[in-house]
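Participant: here's a sequence, model it:
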Amino acid sequence: MKKNLTLIILLTSFFLFTHPVYSQQEKKKPEKELKSSPAQTPLPTYKSEGRRDPFRDLLSGRESSQEKEKIEGKEGLSIDDIVLVGIVSYKGEFEAIINDPEGFPYFIRKGDKFLDGFVLSIDDSQVVFRKTKEKGTPLRRPREIIKVL
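Facilitator: Below is the predicted model:
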């Protein structure tokens, strides 16, 4: 009985020590086969057929539709792009002189509308705008933007 037990232990230990050696040799054979024929396996390529671009801005679709319908004049200006140049009093009311990003001047009064808001008030040193939209989407709470001379 002791002989049978020692024989079983000896065979199991032999199998446990030799099995990793055989499994490594089997893995090496396919690697050599893959290295010998790299021209036969095609390289993977990315095809975006029917898929959206993951790096594109999600709001770019809305912006592009606004760009197609480009509004001319001061109604097409964004409040963030406006540069305040001066303020003038005319017949008891204040008017502001602004420049667009290209430097073209405009006269604005209280209530004039822009692409993303309107003029709330004008006094002798500042213009207060109320911004109602951000990139074409309405804001939950309108923000007041003050431009000072």
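Participant: now do the strands in this structure.
Facilitator: Read by DSSP state E, the chain holds these strands, from start to end of the chain: 83-90, 93-99, 105-108, 113-114, 117-122, 126-134, 137-148.
Participant: what's the closest of these to Leu77?
Facilitator: Closest of these to Leu77 is strand 113-114, at 5.3 Å (criterion: Cβ to Cβ). Bear in mind the C-beta positions are built from the backbone N, C-alpha and C, glycine included.
Participant: neighbouring contacts of the closest one?
Facilitator: Contacts with strand 113-114, where a contact means Cβ atoms under 8 Å, 6 or more residues apart in numbering, come from Lys74, Glu75, Leu77, Ser78, Ile79, Ile82, Phe129.
Participant: hmm, try it at 10 Å
Facilitator: Applying Cβ atoms under 10 Å, 6 or more residues apart in numbering, the contact partners of strand 113-114 are 71, 74-82, 98, 108, 119, 129-133.
Participant: who does that strand pair up with?
Facilitator: strand 117-122 (antiparallel) (DSSP bridges).
Participant: how about the partner strand: buried residues?
Facilitator: Gly117, Phe118, Val119, Leu120, Ile122 (16 or more other Cβ atoms under 10 Å).
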